[in-house]
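Enquirer: Sharing a model that was predicted from the sequence below.
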Amino acid sequence: MLKGVLDMCLLAVISEEPSYGYEMVRKLTDRGLDLASEGAIYPVLSRMERNGLISGYLVASLEGPARKYYRIEKKGAAALGDWSKTWEALVEGVGNVLGGGSR
């Protein structure tokens, strides 16, 4: 389940502004999702880039090698919108189940 959630959260962070890997991990951790490490996100970012959801580009750094930044593409923005709706419905459904209620 984390795989899909991590994809959605990374797209959400990238949709706010182009970001590089360590920066994304920090943003996710700052927002309470500390399950993602740099090692966990790079395969996800590579897959999302191959699927045309995001694109990467290099930016020179004064503090070492160039950093690869990622930006969201139109296909990624559409996917994020769809995933967000699905997520909201899932959260509502799970909340109803855990609360013992119904729609």
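Expert: Nice, thanks for sending it over. Residues are numbered from 1 along each chain as shown.

Enquirer: if you skip the residues just before and after it, what's nearest to residue 14?
Expert: residue 72 (4.9 Å; C-beta to C-beta, 6 or more residues apart in numbering). (C-beta placed from N, C-alpha, C; glycine too.)

Enquirer: The one you found and residue 45, how far apart?
Expert: Computed as C-beta to C-beta, to the nearest Å, the residue 72 to residue 45 distance reads 12 Å.

Enquirer: Also residue 84?
Expert: Taking C-beta to C-beta, one finds residue 84 at 19 Å from residue 45.

Enquirer: quick one: which of the two has more around it?
Expert: residue 45 (20 against 13; other C-beta atoms under 10 Å).

Enquirer: Is that one in a helix, a strand, or coil?
Expert: Put simply, residue 45 is helix when judged by DSSP: H, G, I helix; E, B strand; the rest coil.

Enquirer: burial measure for the closest residue to it other than its chain neighbours, as a count.
Expert: Ranked by C-beta to C-beta, 6+ apart and with sequence neighbours excluded, the top spatial neighbour of residue 45 is residue 70, at 6.0 Å. Using other C-beta under 10 Å, residue 70 has 25 neighbouring residues.

Enquirer: Output the helix or strand of the chain with the lowest mean pLDDT in CSV, but only the C-alpha positions, please.
Expert: Each helix and strand of the chain was given a mean pLDDT (mean pLDDT, DSSP states H and E); the minimum falls on helix 2-16 at a mean of 89. C-alpha atoms of helix 2-16 as CSV (Å, rounded to 0.1, in the frame of the first residue of the first chain):
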residue,chain,number,x,y,z
LEU,A,2,2.9,2.4,0.7
LYS,A,3,4.0,2.1,-2.9
GLY,A,4,0.9,3.8,-4.3
VAL,A,5,0.8,6.3,-1.4
LEU,A,6,4.4,7.2,-1.9
ASP,A,7,3.8,7.8,-5.6
MET,A,8,0.9,10.1,-4.8
CYS,A,9,2.8,12.0,-2.1
LEU,A,10,5.9,12.5,-4.3
LEU,A,11,3.7,13.9,-7.1
ALA,A,12,2.0,16.2,-4.7
VAL,A,13,5.3,17.6,-3.4
ILE,A,14,6.7,17.9,-7.0
SER,A,15,3.5,19.7,-8.1
GLU,A,16,4.2,22.5,-5.5
